[in-house]
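S.K.: fold the following for me, if possible:
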Amino acid sequence: MNDAPPRPHSLLAGRPHTNSPIYRLPVLLLVLAAPLGPGGAAQEAPRPAPPAPTWTERVAALETPAVRRRIAAVNVGGTAALVLGRGVLEGGVRDAGDGAEALAWGAAAGAAFYGAKVAAGRGRPALGYGVAILAASVAENAAGRAGPFSHLRVPLGPIDLRLRTPFARAGRRSGVRGGVEDVAFELDPLALVASVAVPLSGGRPRLRRGVPVWELDDLGGRPGYTRRGRTMGRTVLVEADAAPLVLAHETIHRIQGMQTAAVTPFGTLGAIVPGARATAAGGAVAADVRAEWFYGVQVALWLSLADYLDRWPEVEARALDEPPRESGP
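M.R.: Presented below is the predicted three-dimensional model:
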């Protein structure tokens, strides 16, 4: 029987002999591999995230020639496509010739809308507003068959006055009612509600530099932000002491609403309410309801899908008005 203790380097010993080279090798490998990541490359300390751009920097990024070119292209191409779509849905486009005409005049109207926004942003809101009225009329007429200058649409608060012109093609029908009336009064019910609610909140109707607006003493806003103007469809709100830049910005939004309405397919009151008659006096005068539903759909989508400065209406207004401002929305 051998009672001698095991040798120090034996694996059966309670504690191995760590001075042996065979035990120092794994330790050396672990030390060398410690700075290496799973991919075998050295891991660097995480770098701090760059600071978020300020409000002024984000607005300045929109005021570039490239952004303005993209806005021009969207206005021309988008308006042409939507005019064609409206014409197809309302029955004004019936063949390839009608479609080509709708696209051509829709593109021209889109270019005019872009020019109207540029004029408003450069401090000429009355000029921009007037050009937008003509552009909206051409876009709407282009969806019909009576000619691009067959009717002139004039906004009067919650009511649009649609007038037949001498340029209407004889024997050709245009619009959801066929364009047979000489004068049409079309009411926007949402704008009617606003025209009642705004005065109850202290709003006063004003004509600011040729643009009809509602003037208030204070529009309020979120803490930390200023709110000097706001536009909802055809309703423009501005504070009494707002700078001209605010009016220019809100006029661009108003033009956007006119552009959206011009490409929106509509149905007549008679088609919506069975038995209702939209036309009176033998077709010379019409009274109808015109709910700008497409504008509401756009607003809902932008509010739910994009941050404030990433919404297309705000991209246009910020890029086309004058240089950046310091305050928030």
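S.K.: ok, now which ones touch residue 135?
M.R.: By Cβ atoms under 8 Å, 6 or more residues apart in numbering, the residues touching residue 135 are 109, 110, 112, 113, 116, 258, 259, 262. In short, each C-beta sits where N, CA and C put it, glycine included.
S.K.: ok, and the helix or strand in this structure with the lowest average confidence?
M.R.: Within the chain, no helix or strand scores below strand 279-280, which has a mean of 46 by mean pLDDT, DSSP states H and E.
S.K.: can I get the contacts of residue 135 in JSON lines with pLDDT, secondary structure and distance to residue 249?
M.R.: JSON lines is the format used below for the contacts of residue 135 (pLDDT from 0 to 100; DSSP: H, G, I helix; E, B strand; the rest coil; distance: Cβ to Cβ, whole Å):
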{"residue": "109", "pLDDT": "97", "secondary structure": "helix", "distance to residue 249": "22"}
{"residue": "110", "pLDDT": "97", "secondary structure": "helix", "distance to residue 249": "21"}
{"residue": "112", "pLDDT": "97", "secondary structure": "helix", "distance to residue 249": "20"}
{"residue": "113", "pLDDT": "98", "secondary structure": "helix", "distance to residue 249": "16"}
{"residue": "116", "pLDDT": "97", "secondary structure": "helix", "distance to residue 249": "14"}
{"residue": "258", "pLDDT": "94", "secondary structure": "helix", "distance to residue 249": "16"}
{"residue": "259", "pLDDT": "95", "secondary structure": "helix", "distance to residue 249": "16"}
{"residue": "262", "pLDDT": "92", "secondary structure": "helix", "distance to residue 249": "21"}
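S.K.: closest to residue 56 among those residues?
M.R.: residue 116 (26.6 Å; Cβ to Cβ).
S.K.: so what's the closest one up against?
M.R.: The contact partners of residue 116, by Cβ under 8 Å, 6+ apart, come to 127, 128, 129, 130, 131, 132, 135, 255.
S.K.: let's see 7 Å
M.R.: Applying Cβ atoms under 7 Å, 6 or more residues apart in numbering to residue 116 gives the contacts 128, 131, 132, 135, 255.
S.K.: who wins on neighbours among these?
M.R.: The most neighbours of any of these, using other Cβ atoms under 10 Å, belong to residue 255, which has 30 neighbours.
S.K.: relative to residue 316, how far out is that residue?
M.R.: Look at residue 255 and residue 316: by Cβ to Cβ, to the nearest Å, they are 9 Å apart.
S.K.: related to what we said a few turns ago, for the contacts of residue 135, which one is nearest residue 102?
M.R.: residue 109 (10.2 Å).
S.K.: check the burial of that closest one by counting its neighbours.
M.R.: Residue crowding around residue 109 was assessed by other Cβ under 10 Å; the count is 29.
S.K.: what's the nearest residue to it if we skip its chain neighbours?
M.R.: residue 139 (3.8 Å; Cβ to Cβ, 6 or more residues apart in numbering).
S.K.: which one of the contacts of residue 135 is nearest to residue 247?
M.R.: Using Cβ to Cβ, the contacts of residue 135 come closest to residue 247 at residue 116, 14.5 Å.
S.K.: for residue 82, see how far away that closest one is.
M.R.: 17 Å.
S.K.: next up, phi/psi of residue 213, please.
M.R.: Residue 213 adopts backbone torsions of phi -140, psi 170, taken as degrees, to the nearest 10.
S.K.: what helix or strand does the closest residue to it other than its chain neighbours sit in?
M.R.: Nearest residue to residue 213, sequence neighbours excluded (Cβ to Cβ, 6+ apart): residue 236, at 4.4 Å. Taking DSSP states H and E as the criterion, the element that holds residue 236 is strand 235-239.
S.K.: now for that strand, which elements pack on it?
M.R.: Here strand 235-239 touches helix 189-200, strand 211-216, strand 229-232, helix 244-262, going by 3 or more Cβ pairs under 7 Å, 6 or more residues apart in numbering; DSSP states H and E.
S.K.: highest average neighbour count across these?
M.R.: helix 244-262 (a mean of 24; mean count of other Cβ atoms under 10 Å).
S.K.: burial measure for residue 72, as a count.
M.R.: 18.
S.K.: please report how far residue 200 lies from residue 189.
M.R.: Relative to residue 189, residue 200 is positioned 17 Å away (Cβ to Cβ).
S.K.: same check, this time on residue 130
M.R.: From residue 130 to residue 189 the distance is 26 Å (Cβ to Cβ).
S.K.: likewise for residue 146?
M.R.: Taking Cβ to Cβ, one finds residue 146 at 27 Å from residue 189.
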